[in-house]
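*Asks:* whatever this is, show me its structure:
(2 chains)
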Number of protein chains: 2
Amino acid sequence: MEPRVSLITLGVNDLDASLRFYRDGLGFPTSYTAEQGVIFFQTGGTCLGLYPLDKLAEDVSPDLVPERGQFSGITLAHNVREKAEVNQVLDQAVAAGATLEKPAADTFWGGYSGYFSDLDGHLWEVAWGAFEFREDGSLIIP
Amino acid sequence: MEPRVSLITLGVNDLDASLRFYRDGLGFPTSYTAEQGVIFFQTGGTCLGLYPLDKLAEDVSPDLVPERGQFSGITLAHNVREKAEVNQVLDQAVAAGATLEKPAADTFWGGYSGYFSDLDGHLWEVAWGAFEFREDGSLIIP
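*Replies:* Got it, this is the predicted structure:
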């Protein structure tokens, strides 16, 4: 098994609304449309996908109830190169319909970060200062 | 905002057991140890991290109850280059302590895939046939 996450799929309740949030609001490129029933974005490294929550549960098992708890136990992070970008990205997300879960603040690990949740409550941390960047935007994990 | 997922963090109940599952069982490289309180893997494209579930919830908000529902609404995927690798990876994961959630089978979209869940129930699809690969293992999203 190569050490790789190929794809992250978020279960969403309104595929078209979430497509507009990520494509138009956040600027994630995709050629997919809601009519195709599933969306894949051309994101750096790992691809991000959207799929109706009930269909995603069904894809795993017909016995899986498509109800999410308050906390999924998973966070996604978008790391930025400059500290000032943290607030810019949080503002951009909120303008696109996201909920600000935690305003940007200095962190205990010496960085600066905040959280927003998307239309379905999926949590995104916007962070600066954790790791060095490669040219392509990926993080250098020591 | 660059279209990028920098990091995926899975909230886990036993950091050391999960480190052993991913590092020793699945072969994900990392220089981190459980004593550091957080684990980051050198995974392709997007980095994968592990962090205690209660601390991950607390990092978002002190009001967030760290209890996960039956279904997180998020799946991770590991795509493979050859069809035969799907069963190999599922077998490797089960041998490392994962639960086989869905045995590999032909899919409605013309591929072949199955699901396992890790020690905390985080869902991984192992899939073949969805997209073409780049040299570095990332997927070419049309």
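
*Asks:* so what are the domain limits for chain A?
*Replies:* What automatic domain parsing lists as the domains of chain A is A:1-59, A:71-142.

*Asks:* going by mean pLDDT, which of the ones you listed comes out lowest?
*Replies:* For these, mean pLDDT drops lowest on domain A:1-59, to a mean of 83.

*Asks:* anything in that one near chain B?
*Replies:* Yes. Against chain B, domain A:1-59 shows contacts by CB under 8 Å from any CB of the partner chain at A:1-11, A:26-31, A:40-48, A:53, A:56-57, A:59. (Glycine included, C-beta is placed from N, CA and C.)

*Asks:* residue A:69 contacts residue B:66, doesn't it?
*Replies:* No. The pair residue A:69 / residue B:66 is not scored as a contact, 9.7 Å apart, by CB atoms under 8 Å.

*Asks:* circling back: any idea which of the domains of chain A is most buried?
*Replies:* Stretch with highest mean neighbour count among the domains of chain A: domain A:1-59 (a mean of 19; mean count of other CB atoms under 10 Å in any protein chain shown).

*Asks:* just give me how far that one sits from the chain centre.
*Replies:* Counting by CA atoms, centre = their mean, to the nearest Å, domain A:1-59 is centred 9 Å from the centre of its parent chain.

*Asks:* could you do stretch A:105-120 as well?
*Replies:* 13 Å.

*Asks:* quick one: it near chain B?
*Replies:* Yes. Judged by CB under 8 Å from any CB, stretch A:105-120 and chain B are in contact via A:115, A:120.

*Asks:* what does that stretch contact?
*Replies:* Residues outside stretch A:105-120 that contact it (CB atoms under 8 Å, 6 or more residues apart in numbering or on different chains) are A:10-14, A:17-18, A:21-22, A:53, A:68, A:75, A:83, A:86-87, A:90, A:93-94, A:97-104, A:123-130, B:59-61, B:73.

*Asks:* same question, stretch A:75-94
*Replies:* With CB under 8 Å, 6+ apart, stretch A:75-94 has contacts from A:8, A:25-26, A:100, A:103-104, A:112-116, A:118, A:122-131, A:133, A:139, B:1, B:4-9, B:11, B:56, B:59-60.

*Asks:* which ones among the residues you listed map onto helices?
*Replies:* The members of the contacts of stretch A:75-94 that map onto helices under DSSP state H are B:56, B:59, B:60.

*Asks:* please render the residues you listed as CSV that adds distance to residue B:79 to the earlier fields.
*Replies:* Below are these laid out as CSV (distance: CB to CB, whole Å):
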residue, distance to residue B:79
B:56, 26
B:59, 30
B:60, 29
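
*Asks:* dump stretch A:70-86 to CSV, restricted to CA.
*Replies:* Provided in CSV are the C-alpha atoms of stretch A:70-86 (Å, rounded to 0.1, in the frame of the first residue of the first chain):
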residue,chain,number,x,y,z
GLN,A,70,-22.6,16.6,16.2
PHE,A,71,-18.9,15.9,15.6
SER,A,72,-17.6,13.8,12.7
GLY,A,73,-14.2,13.2,14.3
ILE,A,74,-12.5,14.5,11.2
THR,A,75,-11.2,17.9,10.3
LEU,A,76,-9.8,19.1,7.0
ALA,A,77,-7.1,21.8,7.0
HIS,A,78,-6.2,24.4,4.5
ASN,A,79,-2.7,25.8,5.3
VAL,A,80,-1.7,29.2,4.0
ARG,A,81,1.7,30.7,3.3
GLU,A,82,1.2,34.1,5.0
LYS,A,83,-0.5,34.8,8.3
ALA,A,84,-2.7,37.4,6.9
GLU,A,85,-4.3,34.9,4.5
VAL,A,86,-6.0,33.1,7.5
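
*Asks:* still on that earlier bit, now, which of the residues of domain A:1-59 next to chain B lie within strands?
*Replies:* The members of the residues of domain A:1-59 next to chain B that map onto strands under DSSP state E are A:7, A:8, A:9, A:10, A:11, A:40, A:41, A:47, A:48.
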